[in-house]
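Colleague: Sequence below, structure please.
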Amino acid sequence: MTRLAEAFSKALVSDIHKCSLMKQTGVSLKYMMNFGSKPTSRNLLLSAQFLHKELPIRLAHRVVELENLPYGLSSKPPVLKVRDWYVDSFRDIRYFPEICDSIDDLNFTEMIGRVKMRHNNVVPTMAMGLQQLKHDLGQKIGLSDLPEIHQFLDGFYMSRIGIRMLIGQHVALHDPNPQPGYIGLICTRTSPMKVAESAIDDARSMCVQSYASAPVVHVYGDPSFTFPYVPMHLHLMVFEMVKNSLRAVQERFMGTSKEIPPVKVVVADGIEDVAIKISDEGGGIPRSGLPNIFTYLYSTAESPASEEVSMAGYGYGLPISRLYARYFGGDLQVISMEGYGTDAYLHLSQLGNRQEPLH
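Modeller: Next comes the predicted model:
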């Protein structure tokens, strides 16, 4: 780990290496709910003590990975910046004094809240590093041609979701006025219909910004059905899927006299899973392109020239949405008919008993 050794003290680098060899401990949605349903001082103290031990291990795993990426990706300035954020956060948490009482817990909670904010821009910053790598390797290279980088990103972003969930949950449990029905970030009565309608409104607004109009979206399902989930995660996933469908339909029918077909969203509540299907008639994706839709830096649209709001983005929406689904034991699949349209299926586990997938 030479580059790390040049930037940081020997003792810190050695400690990172030691923690990176330790086993990470996963938790399930059900456990988070059961534990958080009684946010007594004792439980909050136990939660802080667990994070004090667990977070440096998770951060150290990522630092070592960021330091050892192929194709020179580790030395790209944006990737070095991300690595340094992880090192700084490791140091802040690892060397925080032992947590023995409620005052320690409050100080710790404030500090990890700041750590979470430090990492807000990890995804766009990593994307810049990958764009630089793509430029070096030649424009025709996609990440599907670099499976080890794709594998790293899947694990890296999944770990980031986990770290942010653990910190966010702990911080939210300290809220003196929690929203009714919430245990931390988890809403015990999440209505997939309501969340879908809100995500659809946001995606249509973005479509109107880009194209001056947006296809109609029809939603079908039981509005009274609820289940325990993290509404923020669900909103992000549905938003990304609907955004893709709106763009495909809008671009296919723009400038034609044909009637624009609606996008259809169906919410189904099964015993094991809640499933959300998003169907469009946006022309579909060629079969040869389907394996690419879950690779980073793949987008059927041109990359935007700037970082302004765009319906296309950098092709991160689907792969990251799939990670959010998988984080709590669900999945995201896309089935397409070239020349007609696409069906995207989001499956979310009703049971909530799957442990986090740790990498």
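Colleague: how many other residues sit next to residue 318?
Modeller: When neighbours are defined as other CB atoms under 10 Å, residue 318 has 21 of them. Yep, even glycine has a C-beta here, placed from its N, CA and C like the rest.
Colleague: ok, now residue 271?
Modeller: Neighbour tally, residue 271, other CB under 10 Å: 6.
Colleague: quick one: contacts for it?
Modeller: residue 350 (CB atoms under 8 Å, 6 or more residues apart in numbering).
Colleague: Give the helix, strand or coil label for it.
Modeller: Classification of residue 271 using DSSP: H, G, I helix; E, B strand; the rest coil returns coil.
Colleague: again, but for residue 287
Modeller: Classification of residue 287 by three-state DSSP places it in coil.
Colleague: got it, and residue 178?
Modeller: Under three-state DSSP, residue 178 comes out as coil.
Colleague: how near is it to residue 101?
Modeller: 23 Å (CB to CB, to the nearest Å).
Colleague: Between these two, tell me which one has more neighbours.
Modeller: Ranked by neighbour count (other CB under 10 Å), residue 178 and residue 101 place residue 178 first, with 14 against 9.
Colleague: And the pLDDT for residue 356?
Modeller: Residue 356 carries a pLDDT value of 73.
Colleague: Could you give the number of residues near it?
Modeller: 23.
Colleague: what residues are up against it?
Modeller: Residue 356 neighbours (CB under 8 Å, 6+ apart): 26, 27, 28, 162, 165, 327.
Colleague: The second one: what's it in contact with?
Modeller: Pointing back at residue 27 there. 166, 355, 356.
Colleague: what's the closest of these to residue 343?
Modeller: Nearest to residue 343 among the contacts of residue 27 is residue 356, at 28.3 Å by CB to CB.
Colleague: Please report how far the closest one lies from residue 104.
Modeller: 26 Å.
Colleague: circling back to that earlier point, which among the contacts of residue 356 count as buried?
Modeller: Buried by 16 or more other CB atoms under 10 Å: 27, 28, 162, 165, 327, out of the contacts of residue 356.
Colleague: Restricted to strands, list those.
Modeller: Using DSSP state E, the subset of the buried ones among the contacts of residue 356 located in strands is empty.
Colleague: for the helix or strand hosting residue 343, packing partners?
Modeller: Residue 343 belongs to strand 341-349 when assigned by DSSP states H and E. Applying 3 or more CB pairs under 8 Å, 6 or more residues apart in numbering; DSSP states H and E, one finds that strand 341-349 contacts helix 231-253, strand 273-280, helix 317-327, strand 331-337.
Colleague: what's the closest of these to residue 158?
Modeller: It's helix 317-327; of the helices and strands packed on strand 341-349, that one is closest to residue 158 (CB to CB) at 4.9 Å.
Colleague: separation between the closest residue to residue 190 other than its chain neighbours and residue 29?
Modeller: Excluding the flanking residues, the one nearest residue 190 by CB to CB, 6 or more residues apart in numbering is residue 229, at 4.2 Å. Distance, residue 229 to residue 29, by CB to CB: 8 Å.
Colleague: Overlap in contacts, those two.
Modeller: 186, 328.
Colleague: who's more crowded, the two?
Modeller: Higher neighbour count among residue 229 and residue 29: residue 229, with 25 against 22, using other CB under 10 Å.
Colleague: How about the contacts made by that one?
Modeller: 29, 186, 187, 190, 192, 274, 328, 348.
Colleague: Now it: phi and psi?
Modeller: Note on residue 229: backbone dihedrals following degrees, to the nearest 10 are phi -160, psi 180.
Colleague: what bits of this structure have low per-residue confidence?
Modeller: Regions of the chain meeting the criterion pLDDT under 70 cover residues 1-2, 139-144, 297-315, 351-354, 359.
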